[in-house]
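A.B. asks: any chance you could fold what I've pasted below:
(one chain, ligands or ions: 1)
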Amino acid sequence: MKKPFFALFSLGMLLLLPQQPQAWGFFGHRLINRLAVFTLPPEMMGFYKANIDYLTDNATRPDSRRSVMPDEAPRHFLDVDAYGDSALTRGLRGLPRAYADAVARIGEDSLLKHGIVPWHVARMKGQLTEAFKQRDADRILALSADLGHYVADACVPLHTTRNYNGQLTGQRGIHGLWESRLPEILAANYDFFTGPAPYLKQPSETIWATVIRSHAAVDSVLRLERELTAKFAPDKKYGFEERGNQTVRVYSREFSREYHQRLSGQVERQMRRAVQLIGAFWYTCWVDAGQPDLDALPNTPSDKEQQRLAREAKTLEQAPQAAAPGHED
Ligand SMILES: [Zn+2]
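C.D. replies: Numbering: from 1, shown residues only. As a prediction, this is how the structure comes out:
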């Protein structure tokens, strides 16, 4: 009798441990991009609603690209703690907000090693504004979907620390607990009402402020999990669930719910923040491009874009599952 149980347990361990942290997981990213559409003004809503499935389906594409594109991984995080206490302050001791200044001061290799999410969001803000100016529907869609992903990543506290999966503090797995397990179990009860997306006067400042806020939450994300773990017997902390035809070890529902409560709904709050912020970036790009008439654009991706996506999907499917550098086990 003992052997099958042990085999099952080992299988569960295997399935749990190599999980690759992906911000917001599959479920979260899709939901966040989708909900962001509803924060837009009427002049944008028609085009974005017509393409809501595209924006949803492509919300996780940047994570999928990590294993095949060497440039991709650093775009999803910033190891604030790699730079010391004053990293996020303004002025000479803090990280330069302009990428060129950061490269000059820190060197590009080092920057890429520790992640570039706020700089990348700022760069994409420029690209999406340009796509609106060109009235290029395909580019608008592709960049909107990608930008949504990176903005959402910047709202995840564990994307702002070297200890991104609790691996330095014996809390391995916390990444998936915070951003996948909690939303998967609890999002049905989350309140996602955000009100309309605001115009961002200084989008680069906004994304840096977002990273600062996320980083300020790292301590409580880790501490509350540690405190809760001390209260739970291991067999109550974890449970097994069926996923398709696999049995996987997961954080138990009881543990997950109590973690949510101890965090005072932090995951829900950050998710809501991500939704509104994505809408705000899309809206700001459109305004800065002179508010082009989106109803005059084709309201589906072109055949060419669909073919490009199909080709990319095929490449990803065939690619070896190599570990991408940065924020991976
Ligand atoms: Zn990501």
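
A.B. asks: separation between the residue of the chain found nearest the ion and Arg226?
C.D. replies: Using CB to the ion, the single residue of the chain nearest to the ion is His76, 3.6 Å away. Placement of C-beta: from N, CA and C, glycine included. In this structure, His76 and Arg226 are 25 Å apart, going by CB to CB, to the nearest Å.

A.B. asks: swap in Tyr259?
C.D. replies: 11 Å.

A.B. asks: what about these two, which has more around it?
C.D. replies: Between Tyr259 and Arg226, counted using other CB atoms under 10 Å, Tyr259 has the larger neighbour count: 24 against 13.

A.B. asks: any idea how many residues pack against Glu254?
C.D. replies: If we define neighbours as other CB under 10 Å, then Glu254 has 12 of them.

A.B. asks: can you check Ser180 too?
C.D. replies: For Ser180, using other CB under 10 Å, the count is 21.

A.B. asks: quick one, what contacts it?
C.D. replies: 22, 24-28 (CB atoms under 8 Å, 6 or more residues apart in numbering).

A.B. asks: hang on, it in a helix?
C.D. replies: Yes: per DSSP: H, G, I helix; E, B strand; the rest coil, Ser180 lies within a helix segment.

A.B. asks: report pLDDT for it.
C.D. replies: For Ser180, the model assigns a pLDDT of 90.

A.B. asks: so where does the residue most central in space within the chain fall, helix or strand?
C.D. replies: When the chain is reduced to its mean C-alpha position, the nearest residue by CA atoms, centre = their mean turns out to be Asp153, at 2.7 Å. Asp153 belongs to helix 137-154 when assigned by DSSP states H and E.

A.B. asks: that helix - contacts with which helices or strands?
C.D. replies: helix 25-36, helix 42-50, helix 52-57, helix 61-65, helix 117-133, helix 203-216, helix 266-288, helix 303-318 (3 or more CB pairs under 8 Å, 6 or more residues apart in numbering; DSSP states H and E).

A.B. asks: next, count neighbours for Pro93.
C.D. replies: Wrong residue type there; residue 93 is Arg, not Pro. By other CB under 10 Å, neighbour count at Arg93 equals 11.

A.B. asks: same thing with Arg249?
C.D. replies: 20.

A.B. asks: quick one: secondary structure of Leu168?
C.D. replies: coil.

A.B. asks: can you check Asn299 too?
C.D. replies: The three-state assignment at Asn299 reads coil, by three-state DSSP.
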